[in-house]
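Trainee: Here is my input, please return the structure:
(one chain, ligands or ions: 1)
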Amino acid sequence: MTLRDVLSNFTSFLIVSHQGLDGDAVGSSLGMGHLISSLGKDVSIIFPEPLPQKYLPLAGELSVLSEFPSQLSDSALLFLDCADPERGLKVEISRFLFVANIDHHISNTNFGTWNVVKPEYSSTGEVLAEILFNEGIEAPERVWDCLYLAIFSDTNGFRFSNTRPQTLEIAGKVLSRGSGPEVSSIFFSLSQLDLKVLGVVFTNMVYDPPIAFSYLPLSLGLPEGFDSDFIMNIWKNWPEPQVYLLFKEISPNSFKVSMRGRGDIDLSKIAGKFQGGGHPSASGCRVKGNLQEVEKILREAILDEIRRD
Ligand SMILES: [Mn+2]
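Mentor: Presented below is the predicted three-dimensional model:
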């Protein structure tokens, strides 16, 4: 099976990605959406959260929905950057005749009818770009812009250790087909709210080696789907901690946890214990309890994991 087969066998497509939209989830989904749309086919993207404001221009005229249409008809379902359909939208994938699964998470369960899962790749954007190059699929400029965002984002601007020589080769080919480097300034752009949130995170920070911890209280009134990746990326420039934990209160006594790490620790295992997921050095999950309780639970799980290594 090739992507070309998938694109020619269906006339209608639904695209989904993971909760906690990041640049790779957004870029690979919108890129695939623009590709399908350029073929004159019907496509909708279903994002579980509002698309972050700064990425709106990349969506253009694409149909972006917050839930599945009531009529699924005979659409093909495409998962991008989503390790586990449970982490995408609540939908029974058995209702679909065909499910594609394009991803780079090591925890991906190969749940699709067609699976392209490459854990050694920096991003789903890199996986998808390589498929387009290998199959000689032509695509309009905005597809490449979206894929460049995806690669740029999951490597934090080619700074993370997931940046392989091949990542840069693929990114170079993608960049030469897109509109230029504006995408990188979109990725790094921060709003006034983002800057205020940074102040709160680093004021609340406590460092109990090897774990740095901070939290964002509900009273900040952060919008749903607030993307905290930029905080973690800035935080990680401080090389001392082995693990960085950010607790974002999403309702009373309920927290979304972002985790980053360095070294041997596999944070995706810890996130997995709390029905979350991700990568060894970047993962997330949700926990319930008061702040002291949830911090203690996560801290103990992490220290256990460090001792085991
Ligand atoms: Mn990704």
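Trainee: List the residues that contact whichever residue of the chain sits closest to the ion.
Mentor: Taking CB to the ion, the ion has its nearest neighbour within the chain at Asp24, 3.4 Å off. Backbone N, C-alpha and C define where each C-beta goes, glycine included. Asp24 makes contacts with 81, 123-125, 150-151, 153-154, as judged by CB atoms under 8 Å, 6 or more residues apart in numbering.
Trainee: Now whichever helix or strand it is part of: buried residues?
Mentor: For Asp24, the enclosing helix or strand under DSSP states H and E is helix 23-38. Residues of helix 23-38 classed as buried: 23-37 (neighbour count, 16 or more other CB atoms under 10 Å).
Trainee: Please apply the same query to stretch 149-159.
Mentor: By 16+ other CB under 10 Å, the buried positions in stretch 149-159 come out as 149-156.
Trainee: quick revisit: what mean pLDDT does the helix holding Asp24 get?
Mentor: Helix 23-38 shows a mean pLDDT of 98.
Trainee: picking that back up, output those of the buried residues of stretch 149-159 also counted as contacts of the ion.
Mentor: Counting by CB under 5 Å from the ion, Asp154 from these sit close to the ion.
Trainee: So which of the buried residues of stretch 149-159 is the closest to Asn101?
Mentor: Nearest to Asn101 out of the buried residues of stretch 149-159 is Ala150 (CB to CB; 16.1 Å).
Trainee: does the closest one sit in a helix or strand, and which one?
Mentor: helix 141-154.
Trainee: tell me the angle of that helix relative to helix 23-38?
Mentor: Counting by axes from the mean of the first three to the mean of the last three CA atoms, to 10 degrees, helix 141-154 lies at 170 degrees to helix 23-38.
Trainee: farthest-separated two in the contacts of Asp24?
Mentor: Using CB to CB, the contacts of Asp24 span at most 11.6 Å, a distance reached by Asp81 and Ile151.
Trainee: Please enumerate the shared neighbours of the two.
Mentor: Joint contacts of Asp81 and Ile151 (CB under 8 Å, 6+ apart) are 24, 123.
Trainee: how about Leu14, what does it touch?
Mentor: Leu14 makes contacts with 43-46, 68-69, 72, 75-78, as judged by CB under 8 Å, 6+ apart.
Trainee: quick one: strands adjacent to the particular helix or strand that has it in it?
Mentor: If you go by DSSP H and E, Leu14 is part of strand 12-16. The strands beside strand 12-16 in its sheet (DSSP bridges) come out as strand 42-46 (parallel), strand 76-80 (parallel).
Trainee: most tightly surrounded among those strands?
Mentor: Among the strands paired with strand 12-16, the stretch with the highest mean neighbour count (mean count of other CB atoms under 10 Å) is strand 76-80, at a mean of 27.
Trainee: In CSV, list the C-alpha atoms belonging to it.
Mentor: Provided in CSV are the C-alpha atoms of strand 76-80 (Å, rounded to 0.1, in the frame of the first residue of the first chain):
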residue,chain,number,x,y,z
ALA,A,76,-11.1,7.2,5.2
LEU,A,77,-9.8,8.0,8.6
LEU,A,78,-6.2,9.4,8.8
PHE,A,79,-4.4,9.6,12.1
LEU,A,80,-1.3,11.8,12.1
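Trainee: List the beta-bridge partners for the closest residue in space to Ala271 that isn't next to it in sequence.
Mentor: Excluding its sequence neighbours, the residue lying closest to Ala271 (CB to CB, 6 or more residues apart in numbering) is Ser283, at 3.7 Å. Beta-bridge partners for Ser283, by DSSP bridges, are Met259, Gly278.
Trainee: I'm done for today, thanks for sticking with me.
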